[in-house]
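Model the structure of this input:
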Amino acid sequence: MNDNDERPVTIITGRVWRKKGGKPEGVHIMLVAPDDDSAVRSALDALAKEGYAEAELDQIGDMQGEPDDEPHISAYQGALEGEVSIVTFNEQF
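Numbering: from 1, shown residues only. Okay, here's the model as predicted:
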């Protein structure tokens, strides 16, 4: 990939907690980063800034096109614009 190519949007999935020992929420984090290590660091920084006390990240990968549904469409657009987009949801255990 050269500097003229757009970098793909990276998605990181996992769980987050607002407070230690609290109820977990599922999380999808979308961002554009030069490599996986930078993506994870940026994701963890963004989660900390949003007040999350803990995070458990499970998977990381590049998205293969724009998602079909909100709020992921907006998160994807935000990532393309340079934001670290965080989508949380209730996770069934």
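
Next, the buried residues of stretch 74-88.
Neighbour counts over stretch 74-88 (16 or more other C-beta atoms under 10 Å) mark 75-76, 78-80, 84-88 as buried. Bear in mind the C-beta positions are built from the backbone N, C-alpha and C, glycine included.

hmm, which two among the residues you listed are most spread apart?
Between any two of those, the greatest separation by C-beta to C-beta is 20.2 Å, found for L80 and T88.

mind listing which of the buried residues of stretch 74-88 are in strands?
The strands in this structure, assigned by DSSP state E, contain 85-88 from these.

What residues sit buried inside stretch 65-75?
Within stretch 65-75, the residues that count as buried by 16+ other C-beta under 10 Å are 67, 72, 75.

Could you do stretch 16-23 as well?
Of all the residues in stretch 16-23, those buried under the rule 16+ other C-beta under 10 Å are 16-17.

Any idea how far apart the tips of that stretch sit?
9 Å (C-alpha to C-alpha, to the nearest Å).

quick one, strands of this protein?
Taking DSSP E as the test, the strands found in the chain are 10-17, 24-31, 54-62, 85-90.

Need those in CSV (columns: mean pLDDT and distance to L44).
Output for the strands of the chain, formatted as CSV (pLDDT from 0 to 100; distance: least, C-beta to C-beta, whole Å):
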stretch, mean pLDDT, distance to L44
strand 10-17, 98, 9
strand 24-31, 97, 9
strand 54-62, 97, 6
strand 85-90, 96, 11
